[in-house]
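Provided below for reference: sequence and predicted model.
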Amino acid sequence: MIFGKAKILRSHGWQYIPDLYSVNLTEEFRGFPLLTDTEDRSDVERAAAICPTRAITTEPLTLDMGRCLFCGECAKCAPRNIRFTNEHRLAASRREDLIVKVGDTAPKFNLEAVRPEISKYFGRALQLREVSAGGDASVEMELGATGNVNFDFGRYGVGFTASPRHADGVVLTGPISANMAEALDICYNSIAEPKILVVCGSEAISGGLYADSPAVDRKFLDKYHVDLWLPGAPTHPLCFIEGITKLRSKKR
Amino acid sequence: MKLYHITNNTASSVAIADIPVVDYVELYGDLKLRMEDSRYHVAHYFATECERGLKFYIIILDDKTSEVLISSFVPDYYAEGLASLTAVHPQFHPFEREINELYGVHFDRHPWLKPLRFSHDRRNKLSTMDTYPFYTIAGDELHEVNVGPIHAGIIEPGAFRFICNGEQVLHLEIALGYQHRGVESEMLRDNNSLRRTLIAESIAGDTAVGHATAYAELVEKLADRSVESDLMLERMIAIELERIAMHIADTGALATDIGFQLYQVACEALRTVVINTTQAWCGNRFGKSLIRPLGTNHPMTEAKRELIIKNITDVRRRYEELRADILEDHTLLARFEQCGLVPKSEMERIGGVGQAARASGLRRDIRATHPSGYYATEHSHESIVKQDGDVMSRLMMRLDEVLQSADVILNTLASYKPTAKLSAPDYFAKLHAEHLSFSLVEGWRGEICHVALTDSEGNIAKYKIKDPSLHNWLGLAIAVRSEGISDFPINNKSFNLSYCGHDL
């Protein structure tokens, strides 16, 4: 029996990623989009028409990462205009920074918009309460993965906790189903100040495919200040890790 | 009188005119007898509005002959109610509850006519999550434990109410609906087939490949177009990769819940290899964007084929070491064996599907009984079945199916020469008018069933989705009866059911 365990350990080897901030994902990964204008608008118009979450505007050409589900279909329709890079560091401190314009070459994270008390209080340890409100379980599994043996975000003092009374903030996933709206509000208000609110996944940011669904109630986001927006369908664990790290950074 | 239109899972869609409209009393009489044989089970049963009130469709699967039986009926507008099929065969309970919740149809003698998911278009808006009529037992010795809707981990919401005698669970009731997003009505918002594919991928994010395959096959049947054999093969590889990833995740989750860190971290690392392989193939760790109707945007290349073979060979070897050790570990066996029993007879009664049913000795596996795609043409699937119906059996299902799926992938890819020239997806295919199309896919949890009805112009007018969780949640409630409440987590993980797939 003990030999069996030794064998597993030997095969397991070292799994953790030593530097979480210098990872480059596979070329296939669809992250930050690069936009280019062309005289001929027919391709982008087709791309905007087929986009299931209306993330693309054509005049001027923009792509809203807060709506985008990164399916890549627009880049197939308009390969000269839209190209997805494998840049996974997509976090933004303001909602409007998620809208990519022609000529943008990298995601924008506005440090000025981050409340200074966040780094003061949560720079060393941050415990979060995750609330899924209509999430499809993929974002939830990716958040779970941030603490696993590969990413091990816990090494920087960040983790998820069961009780909101022990938490320093809420991570919201899902488009906020009406049946979950009240529980989400109660949970958020059970957390003592100071606290942060992180919105994780494109479905949470904009409602995604369910933005117009009568079964969704998004008033929560009008009521409270959001500190961090993390696009993706689902958000990659490294995007979450990078976003939280920037949010807690003491550098101004 | 002919009661059913008989078809199968590889045939194209059915003209609605070909489905007999029968008398409910006759159908009830037939189903009452027929469903006593466990070769039959209900795949879907729903109602839709028509000019004469409501029209009901019922889809029954025959596991022995691979036949699919479809019937329909239109009750009299002024009918007081319908005799409940649940009263004789409990497997009908979620379907009758749904019809009751949406349209107010009363089912006589239904023993458990409670709201199913509090959908936004329910008939009684006064019935809300807060007024769910939980079952109660009175007594000085008893106490209730309420868990949820928000749970301790990073998981989806749902409310569990236990009635306990000391540490022992007498009864567990699971109230769901918190995840309801209006999936079925959003499917009909517009005619954008790409949008529908993405909605299918989001029905249950951990089964993105399974549900997207169900949507793709349904559309292909409605368009009466078949896809290349190579595309079927690649879809099979994709769904087996998903199965491997989720079974490994569940193995790790079970280890976590008994504090066995070695297995937990080993499984976390193994799952990462599998989902990163899927990511290297299509750019998404959950296989979103991989399955598209009538084609693909991510045909396999030779380099990707080699990467999948290399990674799956490695995962298979490491997982087999883990499996061998698990089967020898007496402390683990002491926790899992004879815990959370669901006997075969009970699984049959509730209409259990997928790996949970197979763990109880009930051979429900669409890949073998109602195959489609590559399973129906080139690959013949042999299901794994366990007998005991306890947590250990459900774990053993995973231990064996991971190795089986890995072998399927490795054997298939060994001789596969990817051309990388598969057709591109077609989101504008013309669909048959006034047809019913269904698809059955064995996802990693079990049987996925999608059904669509088209109108006179060939637009999809009704879309119904069934995730295997709809059948199996009751299995979990039965499993924990008379167990210690502290064994609930391992039972829950051994089923690992979907909240969003149930709530839609």
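On my side now, so go ahead.

all strands of the stretch 301-450 of chain B, in order?
With DSSP state E, counting those that start in this stretch as the criterion, the stretch 301-450 of chain B has strands at B:435-442, B:447-454.

looking at those strands, spot the one closest to B:S185.
Among the strands of the stretch 301-450 of chain B, strand B:447-454 comes nearest to B:S185, with 13.5 Å by Cβ to Cβ. All C-beta atoms are positioned from the backbone trio N, CA, C, and that covers glycine.

run through the neighbouring helices and strands of the next helix or strand after the closest one.
Heading C-terminal from strand B:447-454, the first helix or strand you meet, by DSSP states H and E, is strand B:460-466. For strand B:460-466, the packing partners by 3 or more Cβ pairs under 8 Å, 6 or more residues apart in numbering or on different chains; DSSP states H and E come out as strand B:40-50, helix B:183-186, helix B:193-203, strand B:447-454.

make JSON lines out of the ones you listed and add mean neighbour count.
Putting these into JSON lines (neighbours: other Cβ atoms under 10 Å in any protein chain shown) gives the following:
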{"stretch": "strand B:40-50", "mean neighbour count": "20"}
{"stretch": "helix B:183-186", "mean neighbour count": "21"}
{"stretch": "helix B:193-203", "mean neighbour count": "25"}
{"stretch": "strand B:447-454", "mean neighbour count": "25"}
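
in contact with B:A324, which residues?
The contact partners of B:A324, by Cβ atoms under 8 Å, 6 or more residues apart in numbering or on different chains, come to A:G4.

for it, give me the pLDDT.
The per-residue pLDDT reported for B:A324 equals 92.

about what we covered before: out of the strands of the stretch 301-450 of chain B, which gets nearest to chain A?
Ranking the strands of the stretch 301-450 of chain B by proximity to chain A (Cβ to the nearest Cβ) places strand B:447-454 first, at 14.6 Å.

my guess is B:I16 meets B:S437, correct?
No: using Cβ atoms under 8 Å, B:I16 is not in contact with B:S437; the gap is 10.4 Å.

out of the strands of the stretch 301-450 of chain B, which comes closest to B:I150?
When these are ranked by proximity to B:I150 (Cβ to Cβ), strand B:447-454 comes first, at 27.3 Å.

dump that closest one to PDB, restricted to CA.
The C-alpha coordinates for strand B:447-454 follow below in PDB (Å, rounded to 0.1, in the frame of the first residue of the first chain):
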ATOM      1  CA  GLU B 447     -28.500  10.700 -20.900                       C
ATOM      2  CA  ILE B 448     -28.900  14.200 -22.400                       C
ATOM      3  CA  CYS B 449     -32.100  14.600 -24.400                       C
ATOM      4  CA  HIS B 450     -33.000  17.700 -26.500                       C
ATOM      5  CA  VAL B 451     -36.300  18.000 -28.400                       C
ATOM      6  CA  ALA B 452     -37.400  20.700 -30.900                       C
ATOM      7  CA  LEU B 453     -40.600  21.300 -32.800                       C
ATOM      8  CA  THR B 454     -40.600  23.500 -35.900                       C
END
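
quick revisit: could the strands of the stretch 301-450 of chain B go into CSV alongside mean pLDDT?
Formatted as CSV, the strands of the stretch 301-450 of chain B follow (pLDDT from 0 to 100):
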stretch, mean pLDDT
strand B:435-442, 94
strand B:447-454, 95
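
right, so of these, which gets closest to A:T53?
strand B:447-454 (21.6 Å).

need the contact list for the residue nearest to B:V74 when sequence neighbours are not counted.
Nearest residue to B:V74, sequence neighbours excluded (Cβ to Cβ, 6 or more residues apart in numbering or on different chains): B:K55, at 5.0 Å. B:K55 makes contact with B:V21, B:A47, B:T48, B:E49, B:S72, B:F73, B:V74, according to Cβ under 8 Å, 6+ apart.

what is the nearest of those to chain A?
Distances from chain A to those, taken by Cβ to the nearest Cβ, are shortest for B:E49, at 17.2 Å.

beta-bridge partners for that closest one, please?
Beta-bridge partners recorded for B:E49 (DSSP bridges): B:L54.

what's the local residue count around the residue in chain A that chain B sits nearest to?
Nearest to chain B, among the residues of chain A, is A:S138, at 2.9 Å (Cβ to the nearest Cβ). By other Cβ atoms under 10 Å in any protein chain shown, the residues close to A:S138 number 28.

for B:I16 and B:S437, indicate the residue with more neighbours.
Ranked by neighbour count (other Cβ under 10 Å), B:I16 and B:S437 place B:S437 first, with 23 against 20.

packing partners of the host helix or strand of B:E96?
Following DSSP H and E, one finds B:E96 within helix B:93-103. Counting contacts by 3+ Cβ pairs under 8 Å, 6+ apart, helix B:93-103 is packed against strand B:40-50, strand B:107-108, helix B:469-479.

can you name the element that comes right after the second one?
What that stands for is strand B:107-108. strand B:142-147.

need the residues that contact that next one.
Contacts of strand B:142-147 (Cβ under 8 Å, 6+ apart): B:T136, B:A159, B:F160, B:R161, B:F162, B:I163, B:C164, B:N165, B:L170, B:I485.

contacts only, for residue 148.
Let's take chain A. Applying Cβ under 8 Å, 6+ apart, we find A:N148 in contact with B:V265, B:E268, B:T272.

wait, chain B
By Cβ under 8 Å, 6+ apart, the residues touching B:G148 are B:P157, B:G158, B:A159, B:F160.

neighbour count added to those, as CSV?
Output for the contacts of B:G148, formatted as CSV (neighbours: other Cβ under 10 Å):
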residue, neighbour count
B:P157, 27
B:G158, 22
B:A159, 20
B:F160, 20
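
look at the nearest residue to B:H93 once chain neighbours are set aside and report its pLDDT.
Once flanking residues are discounted, B:H93 sits nearest to B:T86: 4.5 Å by Cβ to Cβ, 6+ apart. On pLDDT, B:T86 comes in at 94.

surely B:T86 meets B:N100?
No: B:T86 lies out of contact with B:N100 (Cβ under 8 Å); the separation is 10.3 Å.

neighbouring contacts of stretch A:105-121?
Stretch A:105-121 is contacted from outside by A:32, A:34, A:65, A:87, A:89-94, A:97, A:168, A:194, A:196, A:227, A:243, A:246-252, using Cβ under 8 Å, 6+ apart.

again, only using 10 Å
Stretch A:105-121 is contacted by residues A:31-32, A:34, A:65, A:85, A:87-94, A:96-100, A:126, A:168-169, A:193-196, A:225, A:227-229, A:231, A:239, A:242-243, A:246-252 when judged by Cβ atoms under 10 Å, 6 or more residues apart in numbering or on different chains.

show me the contacts for B:A200.
Counted by Cβ under 10 Å, 6+ apart, B:A200 has contacts B:183, B:187, B:207-208, B:210-216, B:218-219, B:291, B:293, B:448, B:450, B:463, B:465.

the nearest residue to A:Y224 once chain neighbours are set aside: what secondary structure?
Nearest residue to A:Y224 in three dimensions, chain neighbours excluded: A:L197, at 5.7 Å (Cβ to Cβ, 6+ apart). With DSSP: H, G, I helix; E, B strand; the rest coil as the basis, A:L197 sits in strand.
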